[in-house]
Structure formats: structure tokens, C-alpha cells
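S.K.: Here is the input, now give the coordinates:
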Amino acid sequence: MKKIKINFSLLVLATTLWSCGNISEEKDSENKEKGNHQALNIILMVGDGMGIPQVSSAFYFGENTPNFKQFKTIGLSNTTSLSHLITDSASGGTAIATGEKTYKRAIGVSKDSLPLPSILENLQERNYKTGLVSLTSITHATPASFYAHVKDRDMHVEIAEQLVEANIDFFTGGGRKYFGTSKDGVSLFDKLIDKNYHLDTLELGSVDLSRKNAFILAEDGLPSKTQGRKDYLQTATQKGLDYFSKHEQPFFFMIEGSYIDWGGHAKDDEMMIQEVLDFDKTLGVVLDFIASHPNTLLVVTADHETGGVSIGKSYDEQQQEVPKKVQVYFNDDQHSAELVPVFAKGSQEQLFSGIYENNEIYHKLIQAINNHSYEK
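M.R.: Model prediction:
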């Protein structure tokens, strides 16, 4: 009988490779169950005008523990623009959206007024679904920074025309007056319908899962909380998340709490407080989503601070300090040069601790996406 020689080294190697293959398959299965096999969803929440004092107001004037308290990873962002130490929403939004600082009033363009691709546009090329929610006109500076490229923020009709061509999957806000007629004499509403959008200009109603959705719900901005706005921001956010959840593609979703800024400009402490509390309530909707979708990163920040706000002692009519009360104070009615907070929760959140320039937020988001993809 012929003897067969066994190479034990090869046998051990083969056994090891077979075992590793099984372990890898088990790990892949585990990752799929947890959602880790998917690309990284990005939710960016911008509290317009929201500095640290505004965030602090949620801890003193709210009835419940603020959702802000759930964050463990916190950084600070310097908001200065190329032209001014004190930025505006256009240049501040553009820095976050494109990764480059620019001049005051610029929307999605460089210091030389050349178009800069935004993170929304870049992620569309990676097969991401995209969405925007705003309380102001959807053509306002912050949302516009993610899809438009104009040299001045007040070019609302041009911005609206670019929105029609931006192929954003879900957006909601105000601004009906800018969509009536384009330069070529055709209604921008008709153009959205021609592009197979489900369009509603009356209410934030049902979402059509099979199409892109546009809700343009006020002539200009929606009402503030002190003017009677209900739970629009939470409802819009939830509808957007439900819409994205029904598709297999990853998504980028920017949600703006617009009127924190307006409370500062008006030196209206009640308006500012109510808008911060509404923003914090919307945070709760997003944090609940992240809890069941681990392939998601939430970043919360501001384009700038408004009002030079501080929270200090409260006094009664006899000018005696009230020990158990505090009061909001405004330094002025303009933007300030304060550093603004950056909160992060979810996959790759550790990238957002520290102190950095506002345009670095874009680069950190891209790094988070790439890291997540590499580690999956």
C-alpha cells in the first residue's frame, strides 16, 4: 500500500483559514443585524444663532432634562469668515457645507465667487439620499448653502431656481413667494412637478415614498413658537427620517432651527428660549432614531451666536436677587464672535471633540464617512 504523506503545516493553515472564514461570516452577519454593514447616514442639525448661553437656557427654562445632556462628545467651532471676524449665516453655512471659508453674504462660492461643491452634492454622487428642513424660507442662507451657488444671499429667485435643479429628495420650509415665476417665465412649482416631485404648498401632509417630496408651506418664513407654531420641526424631522428609512440608500439630512437667531436679533428672551426648547425637542426625535440605527452620525452645531447672550441673576421688582431664578441678557441685537458648540453622537463621534475652525466640520464629516466605510 502506498503511504500518503501529510503536510501538517498546510493542514493547520487550511484549518485556520477555514475558521477565519467562518468567523468573518459570523461577524458580517452580526454587523448586518446591527446595521453596521450600511454606509454612514449623516444628520446635521444647525441651531442658527445658537451659542453656549442659548444651549444653557434649555437647562434653566425647560420642564424636562434637556436632550443636549445625552451628548458626551462636545467641541467648539470658530465661526469667523474670510472677510469679517463676525460672520453671517451665509458665510457660516457655506464653511460648514463646503469645507472652505468665504466672504460675508456668499452662498456656496469661494472668495473669488467660484462655485464650491457642498457635502450634500458630493454625497449625492455617492448615491446618498438628501434632505433639508428649515423654519425660514428654504432659500434662506443656511439651507441654501447646501445646494446653491450665488454671490449674495439675497438672490432668492436664483437660489430657488437652483433648488429645483438640485435633485434633493425631501425638503420642507417656507418661501412660496420665490417660486412663482422663474426668469424664463415658467412657474418653479410647475418645474418641480415636471421633475416628478410630490409637491404640497398648504400643509406638511403625507410623504410619497416613491418620489421626491417638496413642502413649501409659507410665503416667507413659518411662524415662530411665540407666534403659535406647533410641532412642525419635530414632525418634519420625523417625516424625513421615515422617508429615508424606507430606502436602502444612506442619507444626508440637514435640519435647521432657524429662529433661535431671530430671538437674538429681536432681543426677545421668550422667543429665544422657546426656539431652543423646540430645537431640543427635535433633538430627541433624532436621538431616538440613532438609538435604533447605529450606522448614523448626528452633529449639532451653529453657524454663529446671536445677541451676545448671557444668563445671569434675576431680580424682583425691589431689585432683590431671586435665588432660584435666572434671566437672559442680550449684549446687542447682532451676531457675535463667540465660539459655538459642536455636539456629536453616533458612529465616529470622537472626531468632533476639540477646538477647530467651522470649515473643519465638513472635513470631519467626510472623514467619518470614510472611516465608517473602512471599518465596516
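S.K.: Strands of this structure, start to end?
M.R.: Using DSSP state E, the strands found in the chain span residues 41-47, 73-78, 129-137, 170-174, 197-200, 212-216, 251-257, 296-301, 305-306, 310-315, 321-329, 335-336, 340-346, 354-357.
S.K.: Do you know the pLDDT at the residue nearest to the spatial centre of the chain?
M.R.: The centroid of the chain falls nearest to residue 44 when counting by Cα atoms, centre = their mean (2.2 Å). On the pLDDT scale, residue 44 is placed at 99.
S.K.: excluding its backbone neighbours, what's nearest it?
M.R.: Closest residue to residue 44 apart from its sequence neighbours, by Cβ to Cβ, 6 or more residues apart in numbering: residue 254 at 4.8 Å. (C-beta placed from N, C-alpha, C; glycine too.)
S.K.: what residues are up against the one you found?
M.R.: Residues near residue 254 by Cβ atoms under 8 Å, 6 or more residues apart in numbering: 44-46, 120, 131-133, 143, 146.
S.K.: these two touch, right, residue 61 and residue 273?
M.R.: Yes: in this structure, residue 61 is within contact of residue 273 by Cβ atoms under 8 Å, at 4.8 Å.
S.K.: Greatest separation within the contacts of residue 254: which pair is it?
M.R.: 45 and 120 (14.5 Å; Cβ to Cβ).
S.K.: what about these two, which has more around it?
M.R.: Remark: of residue 45 and residue 120, residue 120 carries more neighbours, 26 against 23, as counted by other Cβ atoms under 10 Å.
S.K.: can you tell me which residues contact that one?
M.R.: For residue 120, the contacting residues are 97, 130, 132, 146-147, 166, 168, 252, 254, by Cβ under 8 Å, 6+ apart.
S.K.: burial measure for the residue lying closest to it once chain neighbours are set aside, as a count.
M.R.: Spatial nearest neighbour of residue 120, excluding adjacent residues (Cβ to Cβ, 6+ apart): residue 146 at 4.4 Å. For residue 146, the neighbour count with other Cβ under 10 Å is 29.
S.K.: how near is residue 146 to residue 316?
M.R.: Taking Cβ to Cβ, to the nearest Å as the measure, residue 146 falls 46 Å from residue 316.
S.K.: again, but for residue 103
M.R.: 47 Å.
S.K.: do residue 334 as well
M.R.: Using Cβ to Cβ, residue 334 is found at 30 Å from residue 316.
S.K.: neighbour-wise, which of those two wins?
M.R.: Shown here are residue 334 and residue 316; by other Cβ under 10 Å, residue 334 has more neighbours (14 against 9).
S.K.: my read: that one touches residue 86, true?
M.R.: Yes: the pair residue 334 and residue 86 qualifies as a contact (Cβ under 8 Å) at a distance of 7.5 Å.
S.K.: so the residue nearest to residue 120 touches residue 93, yeah?
M.R.: Yes: under the contact definition of Cβ under 8 Å, residue 146 touches residue 93, with a separation of 7.5 Å.
S.K.: which residue sits closest to residue 289 in space, ignoring its chain neighbours?
M.R.: Closest residue to residue 289 apart from its sequence neighbours, by Cβ to Cβ, 6+ apart: residue 241 at 5.1 Å.
S.K.: ignore the last one, residue 352
M.R.: Nearest non-adjacent residue to residue 352, counting by Cβ to Cβ, 6+ apart: residue 344, 3.7 Å away.
S.K.: Residue 238 now?
M.R.: residue 285 (5.4 Å).
S.K.: can you pull the contacts of the one you found?
M.R.: 234, 237-238, 241.
S.K.: Now do residue 14, the pLDDT please.
M.R.: pLDDT for residue 14: 43.
S.K.: Residue 374 too?
M.R.: 73.
S.K.: and if you look at residue 269?
M.R.: Confidence at residue 269, expressed as pLDDT, is 98.
S.K.: same thing with the one 10 residues further on?
M.R.: Residue 279 is assigned 98 on the pLDDT scale.
S.K.: Go ahead and confirm it touches residue 50.
M.R.: Yes: using Cβ under 8 Å, residue 279 is in contact with residue 50, at 7.3 Å.
S.K.: got the contact list for the residue nearest to the centre of the chain?
M.R.: 96, 252-255, 298-301, 365.
S.K.: so which of those residues comes closest to residue 112?
M.R.: Nearest to residue 112 among the contacts of residue 44 is residue 96, at 19.7 Å by Cβ to Cβ.
S.K.: Any figure for the gap between the closest one and residue 119?
M.R.: Going from residue 96 to residue 119 by Cβ to Cβ gives 8 Å.
S.K.: Nearest to residue 110 among the strands of the chain would be which one?
M.R.: That would be strand 354-357 among these, by Cβ to Cβ, at 15.7 Å.
S.K.: Just list what that closest one packs against, helices and strands only.
M.R.: strand 73-78 (3 or more Cβ pairs under 8 Å, 6 or more residues apart in numbering; DSSP states H and E).
S.K.: Flag every buried residue along the strand it packs on.
M.R.: Neighbour counts over strand 73-78 (16 or more other Cβ atoms under 10 Å) mark 73-75, 77-78 as buried.
S.K.: can I get these in JSON lines with pLDDT and distance to residue 371?
M.R.: Putting these into JSON lines (pLDDT from 0 to 100; distance: Cβ to Cβ, whole Å) gives the following:
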{"residue": "73", "pLDDT": "98", "distance to residue 371": "14"}
{"residue": "74", "pLDDT": "98", "distance to residue 371": "19"}
{"residue": "75", "pLDDT": "98", "distance to residue 371": "17"}
{"residue": "77", "pLDDT": "98", "distance to residue 371": "20"}
{"residue": "78", "pLDDT": "98", "distance to residue 371": "24"}
